[in-house]
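# Got a predicted structure plus its sequence, pasted below:
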Amino acid sequence: MTTTSLRVCLVGCLIGIASSLAAAAPSIKTTEGKESLDVTIDGKPFTTYRFVQMADDPEFRRPYFFPVLSADGVPITADRDRESMGQAKREHPWHRSVWIGHGDVNGIDHWSHRTEGERKLQRHLKFTKIDSDGFVEELAWDGNEPGKPVLTETRTVKFIAYDDGARAIDVTSLFTAASGDAVFKVKPLNVSGVEAGGCQRACRARWRPVRKVRSRHRPA
């Protein structure tokens, strides 16, 4: 059995925020619903983590964060699935704001929205912890046989609010091969994904993804 830990720090930074900042530390709140977690900072929306399929999301494959908003409410990511729904030619509909996936784990596509064959899902199993500023989630990545996932994942997420108004999502994923060895082919290069959205008004915003494989462990 192989265990791999992946850390992804996704930091959304808005340049040119208001110069007057509150002296108190920002207040982060996570509210649990049946289908999603809503996160606010100082009472203002930050992001929604969608961990199961919703009625308005027929092509759901894996949990993702959408929308992701800057401190003054500007969207800084995009959901290409929603944007391209119903179009004859769709460009990268699997680019869903902020997500974790991979194009080839033992030959199984956990990245795109290909229509051939059975849909492979990242299945939310449970939350083992939900705090005001984060959560720990257990997931199973579908394998080739029903009931035999290729991977299990422990996903630890921390929401961060900086005094200057910047916001961050810190994701640490611990992957365990669940049905024999798990082979990750380099397709695509990134295990994490961030789809940047266009600002709706004049602004300068950016996302900075940082990817670090912390450890790999194979018991004797």
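Here it is on my side, so go on.
# could you point out where the chain is predicted with low confidence?
1-23, 80-94, 114-118, 186-220 (pLDDT under 70).
# Strands of that one, residue ranges please.
For the chain, applying DSSP state E gives strands covering 3-15, 28-32, 36-41, 44-50, 64-68, 98-100, 102-105, 108-110, 122-131, 134-141, 151-161, 167-177, 192-194, 204-217.
# among those, which is nearest residue 183?
strand 102-105 (7.1 Å; Cβ to Cβ). Just so you know, the C-beta spots here come from the backbone N, C-alpha and C atoms, and that holds for glycine as well.
# coming back round to it: distance to residue 58 for the strands of the chain - can I get that in CSV?
CSV is the format used below for those (distance: least, Cβ to Cβ, whole Å):
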stretch, distance to residue 58
strand 3-15, 26
strand 28-32, 24
strand 36-41, 16
strand 44-50, 13
strand 64-68, 15
strand 98-100, 17
strand 102-105, 22
strand 108-110, 18
strand 122-131, 16
strand 134-141, 20
strand 151-161, 24
strand 167-177, 26
strand 192-194, 20
strand 204-217, 27
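# With mean neighbour count added, can I get those strands in TSV?
Shown next, in TSV, are the strands of the chain (neighbours: other Cβ atoms under 10 Å):
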stretch	mean neighbour count
strand 3-15	18
strand 28-32	15
strand 36-41	20
strand 44-50	20
strand 64-68	24
strand 98-100	24
strand 102-105	20
strand 108-110	20
strand 122-131	14
strand 134-141	19
strand 151-161	20
strand 167-177	20
strand 192-194	21
strand 204-217	12
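# So which of those is nearest residue 185?
Using Cβ to Cβ, those put strand 102-105 closest to residue 185, at 3.9 Å.
# which secondary structure elements does the closest one contact?
On a contact count with 3 or more Cβ pairs under 8 Å, 6 or more residues apart in numbering; DSSP states H and E, strand 102-105 meets strand 108-110.
# Need the residues that contact the strand it packs on.
The set of residues external to strand 108-110 that reach it, using Cβ atoms under 8 Å, 6 or more residues apart in numbering, is 61, 62, 101, 102, 103, 120, 122, 141, 142, 143, 144, 150.
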